[in-house]
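> this is the structure alone, sequence omitted:
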């Protein structure tokens, strides 16, 4: 049995909303918990909307210990397709359920009326045991090893041909930026480089001199500038492996430093250690289906429009996947002069991702060091975001006063940017559709 919650935030889709806040509704699926049961399939936990108790699992959020009553809302296993369910992972409003026969995708857009949208079985997946999702890709471990699925269409994933790593006895997988950590059974901890998701490769195998002999599960955690892997070793119990630290790894800074693992602690359990629970991650502001989970600082701040809610698709094709989009060029001064462009305040920082039917556009300044400095910055951006499977569109900036001396990486299309004048002001540019989109 496995349990999944759609968020680590205390959101309540049924709470009363004040119209003055101009906030989006929280999707109904966030009001329930989801259980993968080997005999009964998918079980949706929460009270019905017309229940005399608080609907969904909202009773866990109201601080009242006298009304903590939960019921089973839905049991879903059409024609036994989910029999043998062993793991469940949520992405957007879809549940990806592993069974002994393969992967089943369940649509939770209406959690009280679920439906199957796709299934992948043999020979693509043979006895799948673990699943993890990051952006456009899912990584599955089965009897043959690690395999990659393309989730450009969340409801119909496809197996990426040739994207596989052969492993003798993979048990589970955990993703951390550009690395996949595979619990490899007797093979130990297998660290796979997934910076290029469709070309995974083994970076290193760690056994601590054969001390790790029957690895069943792995989770990753961070403390300050150090990274740790928490391992369930069936033979020896809980293991703690330090992946990098300032003392051990001089290259520990950066987005995804290469691990330098070392075994630092062991707790011997009375019974075989089979699984490790996951810590609480900082959750998303918007999920993979475009549903908003958190506020966007200012009143009325919202996620992308519904027509842009498929973050990995552009004109029916994977968004920003390929070099043809990176070849697009435009002048920032021309963009800033557009009559429909306007600025408004914001206080949050920006990260390069995709924003739906159009990319988030990056511009680098042709300032003090001229084009050589600009090109170096662009190369850094390409390397930094290559693992996302996207190619940022790089704009050519000018020294026009209309650019307001925009500094370094400047992200347009509903993204904040910082002026270089030293005022620490943050603005936002909204762009209409155009040749740069």
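Here it is on my side, so go on. Bear in mind that the values here come from a model prediction, so they are computed numbers and not experimental data.
> which residues does the residue nearest to residue 114 when sequence neighbours are not counted contact?
Counting by Cβ to Cβ, 6 or more residues apart in numbering, residue 76 is the residue found nearest to residue 114 once chain neighbours are left out, at 4.9 Å. C-betas here are computed from N, CA, C, even on glycine. Applying Cβ atoms under 8 Å, 6 or more residues apart in numbering, we find residue 76 in contact with 41-44, 82, 106, 114.
> for the stretch 101-250 of the chain, give me the ranges with low pLDDT.
By pLDDT under 70, the stretch 101-250 of the chain has no low-scoring segment.
> can you rerun that using 90?
Flagging of the stretch 101-250 of the chain using pLDDT under 90 yields the residue ranges 135, 222-226, 245-250.
> which residues of it fall in strands?
102-107, 115-121, 130-134, 137-142, 145-150, 158-166, 172-176, 179-183, 189-193, 201-206, 215-223, 226-233, 237-244 (DSSP state E, counting those that start in this stretch).
> can you tell me how far residue 246 sits from residue 220?
The span separating residue 246 from residue 220 equals 18 Å under the rule Cβ to Cβ, to the nearest Å.
> who's more crowded, those two?
residue 220 (19 against 11; other Cβ atoms under 10 Å).
> who is the closest residue to the more buried one other than its chain neighbours paired with across the strands?
Leaving aside its sequence neighbours, residue 220 sits nearest to residue 176 (Cβ to Cβ, 6+ apart; 4.5 Å). Counting by DSSP bridges, residue 176 forms beta bridges with residue 179.
> give the contact list for residue 176.
With contacts taken as Cβ under 8 Å, 6+ apart, residue 176 has the following neighbours: 220, 227, 256.
> can you get me a residue count around the last one?
Spelled out, it's residue 256. The number of residues packed around residue 256, counting by other Cβ under 10 Å, is 15.
> and the gap between it and residue 176?
Taking Cβ to Cβ as the measure, residue 256 falls 8 Å from residue 176.
> reformat the strands of the stretch 101-250 of the chain as JSON lines; add distance to residue 48.
As requested, the strands of the stretch 101-250 of the chain are arranged in JSON lines below (distance: least, Cβ to Cβ, whole Å):
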{"stretch": "strand 102-107", "distance to residue 48": "19"}
{"stretch": "strand 115-121", "distance to residue 48": "19"}
{"stretch": "strand 130-134", "distance to residue 48": "29"}
{"stretch": "strand 137-142", "distance to residue 48": "32"}
{"stretch": "strand 145-150", "distance to residue 48": "34"}
{"stretch": "strand 158-166", "distance to residue 48": "36"}
{"stretch": "strand 172-176", "distance to residue 48": "34"}
{"stretch": "strand 179-183", "distance to residue 48": "38"}
{"stretch": "strand 189-193", "distance to residue 48": "43"}
{"stretch": "strand 201-206", "distance to residue 48": "48"}
{"stretch": "strand 215-223", "distance to residue 48": "34"}
{"stretch": "strand 226-233", "distance to residue 48": "37"}
{"stretch": "strand 237-244", "distance to residue 48": "40"}
